[in-house]
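Novice: Generate coordinates for the sequence data below:
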Amino acid sequence: MAKVRAALIQAHANMPKEEAIVKHEGLIAEAAAKGAQITCLQEIFFGPYFCAEQDVKWYDTAERDDGPTVKRMQALAKKHKMALVVPFLRGGPDRRLLQHRCPDRERRHDAGKVP
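Specialist: From the prediction side, this is the model:
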């Protein structure tokens, strides 16, 4: 039976978005160096966990499926030859959906939605 090495990243991210993304890029690189083939990021990995607040101020953190964070994660997945599970707040008509995406794939798949 083939073995698959996975990494789960849970890290402090209560910081500016760009700083949090850079931090996680380093953690993803570390996981790849240790042989991870699949890496899963925590919910809202690019800033404070705001889901319990239900405050519309956080809607501005939403991005499109082809937004800058997803594109960065796609590039990292390709660079490290791994699958990444990247939760992010999806923009669009209903900006309150948390999407779990595997951005290294040509086809994007929803793994779950949290209202």
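
Novice: rest of the way, CA atoms for contacts and neighbours
Specialist: Noted.

Novice: hang on, Val86 is in a strand, isn't it?
Specialist: Yes: with DSSP: H, G, I helix; E, B strand; the rest coil as the criterion, Val86 is part of a strand.

Novice: right, and the secondary structure at Leu8 would be what?
Specialist: On the three-state scheme (three-state DSSP), Leu8 is labelled strand.

Novice: partners of it in the sheet?
Specialist: Note on Leu8: beta-bridge partners by DSSP bridges are Cys40.

Novice: Ala7 contacts Ala36, doesn't it?
Specialist: Yes: using Cα atoms under 8 Å, Ala7 makes contact with Ala36 at a distance of 5.8 Å.

Novice: Give me the contact list for the longest helix that the chain contains.
Specialist: The longest helix of the chain (DSSP state H) is helix 17-33. Contact partners of helix 17-33, identified using Cα atoms under 8 Å, 6 or more residues apart in numbering, comprise 7, 9, 13-14, 39, 45-47, 69, 76, 80, 82.

Novice: and if we set it to 10 Å?
Specialist: For helix 17-33, contacts defined as Cα atoms under 10 Å, 6 or more residues apart in numbering pick out 5-15, 34-41, 45-48, 61, 69, 72-73, 76-77, 79-82, 84.
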